[in-house]
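Trainee: Fold the following and give me the result.
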Amino acid sequence: MLNRIILMGRLTRDPELRHTQTGTPVASFTLAVDRDFKDKQTGEKATDFIDIVAWRQTAEFVSRFFTKGRMAVAEGRLQIRDWTDREGNKRRSAEVIADNVYFGDSKRDAEGGGYAPPPPMGGGYSAPAPSGGYAAPAPAGGDQFSELSDDDGELPF
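Mentor: The predicted model follows:
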């Protein structure tokens, strides 16, 4: 059987860090996750608010580095929990027990409060070339390179 879930959304509030009676850290927070499709009548995307619970080191990490509005990726399992409210009514809640939580945005995006679209899928990161179009490699230390003795000073292209 398989019970894995991966969600990406924004925190609706700062994570709440608590400790069990034995001292185990537990953090809870809610992710606002947009649906992939738009409503036919309103033309807007609906948003689901999903409760996330993280334990131990993951809980400490989340409480230390995530705040309201940050984009987060939570990976874990879906858990259905039955409980009784203060009035004696039986209730049922669905929550994600997060094994891992990752940053979904950059620190710069979070500080600026703006949204930057994710980089395109496929290739890795490459630094932009300067305006001249050619960037000379940085000199490397040590004896990794030797001088060319037959250099006639002309470029090979």
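
Trainee: rest of the way, CA atoms for contacts and neighbours
Mentor: Fine.

Trainee: Where does pLDDT dip in the protein?
Mentor: Applying pLDDT under 70 to the chain flags residues 107-157.

Trainee: Grab the longest helix from this structure for me.
Mentor: What stands out as the longest helix in the chain, according to DSSP state H, is helix 56-65.

Trainee: ranges for the helices of the chain?
Mentor: Counting by DSSP H, the helices of the chain are 56-65, 107-112.

Trainee: Export stretch 21-31 to PDB, keeping only CA atoms.
Mentor: Extracted in PDB, the C-alpha atoms of stretch 21-31 (Å, rounded to 0.1, in the frame of the first residue of the first chain):
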ATOM      1  CA  GLN A  21       5.100  15.800  27.700                       C
ATOM      2  CA  THR A  22       8.200  13.800  26.900                       C
ATOM      3  CA  GLY A  23       9.800  16.900  25.200                       C
ATOM      4  CA  THR A  24       9.400  15.800  21.600                       C
ATOM      5  CA  PRO A  25       8.900  18.900  19.400                       C
ATOM      6  CA  VAL A  26       5.900  19.100  17.100                       C
ATOM      7  CA  ALA A  27       5.000  21.900  14.800                       C
ATOM      8  CA  SER A  28       1.700  22.600  13.100                       C
ATOM      9  CA  PHE A  29       0.900  24.900  10.300                       C
ATOM     10  CA  THR A  30      -1.500  25.300   7.400                       C
ATOM     11  CA  LEU A  31      -0.700  25.500   3.700                       C
END
